Structure formats: C-alpha cells, structure tokens
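**Q** predicted model follows, preceded by the sequence.
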Amino acid sequence: MPPLDVLCQEVVACRRCPRLVEWRETVAAERRASYSSEVYWGRPVPGFGDPAARLVVVGLAPAAHGGNRTGRIFTGDRSGDWLWAALWRAGLATQPESVSAADGLQAVGTWVTAAVRCAPPGNRPTPQERDNCQPYLQRELALLPVRAVLALGGFAYEACCRVLGVAKRPAFGHGVEAPAGRGISIVCSYHPSQQNTFTGRLTEEMLDAAVQRAWALAGGPDAGTARSL
C-alpha cells in the first residue's frame with residue numbers, strides 16, 4: 001500500500017484527543033436538521049488530492065457539518081465552495097464544487113489537508129490537540145514533492161511554520177510569504193470562512209491571487225493550464 005494511503009488510514013483511526021472524539025461523534029449522532037437523513041462520517045478527516053502534489057493547501061480543521069459529515073476535507077460547506085472554486089479557476093481541480101466524497105472531484109498537482117483532523121468545538125482546537133495532529137502534517141509534507149504551501153488562516157500558518165522549522169516568521173497576513181526549509185515557500189491567505197467571505201475581508205480575487213502565487217512558487221504552469229494536463 002502506498003505510504004500516503006497508510007497515513008490516511010492511520011488518521012481515520014486516530015483517537016488521541018478525547019475531547020475531539022466526543023465532539024465529532026456527538027455531532028455525527030445528533031446531526032443538523034438539514035442533514036438529518038444523512039449518515040455522518042464522524043471520524044478524523046484525512047488529506048485529499050494528488051499524490052504528486054507540488055502545492056499543499058492547509059486549513060484549520062474539518063467543519064462539524066462539512067468534512068465531519070462528508071468524510072472529505074473542505075467538502076460540503078461554504079468554505080469548501082470557495083476553496084475548490086478558486087482551485088478550479090487556477091486549473092488545480094477538475095470541477096468547481098466539492099459536494100460529497102463520491103462526486104468525482106480530483107485535485108491536480110495539489111493536496112488539501114488541515115492542521116487538525118477532527119472537527120473541534122467552536123472551531124477552536126487546544127494547543128495539545130494541535131500538537132497531537134502535528135506528526136500527520138509533518139509526514140504528509142515529507143511524502144509529497146511539495147514546493148509551496150498555502151496556509152489558510154493564522155492557525156494553519158503557525159502549524160506549517162512549526163512543521164517546516166520556520167523559527168523567525170513574518171506576522172500572519174493575507175499575501176504574506178515565508179521561506180521554509182527544503183526549498184519550500186509558505187503563502188498566507190485569510191481562511192475562506194463565512195466570517196471572512198460574508199464581510200468582504202476575503203474576496204474571490206484575493207483568494208485567486210493567493211492560490212496562483214502559491215502555484216507559481218510551486219513551479220506550476222500558468223493558471224488554467226493544469227486542468228488540461
């Protein structure tokens with residue numbers, strides 16, 4: 001079995017954080033009314049994408065009724081709608097929507113993952129929960145031929161800097177870049193959460209620019225061409 005598949009299986013079986021285990025399973029059992037007929041995933045959510053990825057996109061954690069419901073990162077919620085549409089416009093996804101794990105979506109040259117693999121209460125993991133998940137991100141970045149990382153939000157940026165050994169990092173901000181070890185560059189973007197997209201703090205143009213800059217630093221072809229590869 002390929003090492004990435006082994007890692008994904010380990011992630012799915014993880015029960016290191018009692019608070020997160022209780023929360024993700026409670027959400028999966030109680031369910032949101034609009035999804036009451038669905039069977040929730042209710043487990044840790046592994047990374048997803050191209051095993052030859054040069055670009056890795058890192059978010060905070062799965063959404064309680066997004067990835068925790070569908071079993072795929074950034075799938076089934078508004079944040080995922082924004083991210084995959086931006087990746088599609090850059091030629092890094094085969095379709096602009098990510099609705100379910102069975103919708104046929106494929107990433108091109110890109111791997112999408114999160115700093116924490118379980119949906120956390122209030123979308124706020126503890127420092128210990130972050131540290132418990134850190135080895136998973138570390139192993140992903142070691143197994144992929146990554147050249148650039150797009151960090152969605154300050155939490156993801158800090159996690160990436162920890163894993164990549166960036167001791168003196170610039171303060172987080174949209175468009176901030178930080179050189180990391182192994183020739184990897186980190187590009188920062190505001191997270192495509194509703195709090196940011198509804199208020200206009202993050203626009204489609206801003207997210208597109210961050211994706212395209214990260215892809216350029218990864219050594220990818222011009223935006224839009226990857227879809228035809």
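**A** Perfect, thanks for sending it. From a predicted model like this one, the values you see are computed outputs, not experimental measurements.
**Q** tell me the pLDDT of the residue of the chain positioned farthest from its centre.
**A** Within the chain, the residue lying farthest from the chain centre (C-alpha atoms, centre = their mean) is Ser37, at 26.6 Å. Note on Ser37: pLDDT of 93.
**Q** in contact with Ala156, which residues?
**A** For Ala156, the contact set (C-beta atoms under 8 Å, 6 or more residues apart in numbering) comprises 58-60, 114-115, 191. No exception for glycine: its C-beta is placed from N, CA and C like everyone else's.
**Q** correction: the previous question concerned Ala101.
**A** For Ala101, the contact set (C-beta under 8 Å, 6+ apart) comprises 70-72, 75.
**Q** ok, then the element right after the helix or strand in which Asp131 is found?
**A** Assessed by DSSP states H and E, Asp131 sits inside helix 127-143. Once the chain leaves helix 127-143, the next helix or strand it forms, by DSSP H and E, is strand 148-152.
**Q** can you list contacts of that next one?
**A** Contacts of strand 148-152 (C-beta under 8 Å, 6+ apart): 54-60, 83, 141, 157, 159-160, 164, 180, 184-192, 210-211, 214-215, 217-218.
**Q** gap between it and the chain center?
**A** Once both centres are worked out by C-alpha atoms, centre = their mean, to the nearest Å, strand 148-152 turns out to sit 9 Å from its chain's centre.
**Q** mind listing the helices for this structure?
**A** For the chain, the helices defined by DSSP state H occupy 3-12, 18-30, 67-70, 78-89, 127-143, 154-164, 194-199, 204-217.
**Q** so who does the residue farthest from the centre of the chain touch?
**A** Listed by C-beta under 8 Å, 6+ apart, the contact set of Ser37 is empty.
**Q** highest neighbour count among the contacts of Ala101?
**A** Counting neighbours by other C-beta atoms under 10 Å, the top entry in the contacts of Ala101 is Thr75, with 28 neighbours.
**Q** any idea how far that one is from Trp84?
**A** Thr75 sits 8 Å away from Trp84, taking C-beta to C-beta, to the nearest Å as the criterion.
**Q** next up, phi/psi of Arg124, please.
**A** Main-chain torsions, Arg124, degrees, to the nearest 10: phi -130, psi 90.
**Q** what's the separation between it and Ser36?
**A** For Arg124, the distance to Ser36 - C-beta to C-beta - is 26 Å.
**Q** neighbour-wise, which of those two wins?
**A** Taking other C-beta under 10 Å, Arg124 and Ser36 do not tie; Arg124 has more neighbours (11 against 8).
**Q** about what we covered before: who touches both of Thr75 and Trp84?
**A** Residues touching both Thr75 and Trp84 comprise 98, 105, with contact defined as C-beta under 8 Å, 6+ apart.
**Q** need the contact list for Asp208.
**A** Counted by C-beta under 8 Å, 6+ apart, Asp208 has contacts 86, 89-90.
**Q** so which bits of stretch 150-170 are buried?
**A** In terms of neighbour count (16 or more other C-beta atoms under 10 Å), stretch 150-170 has its buried residues at 150-153, 155-164, 166, 169.
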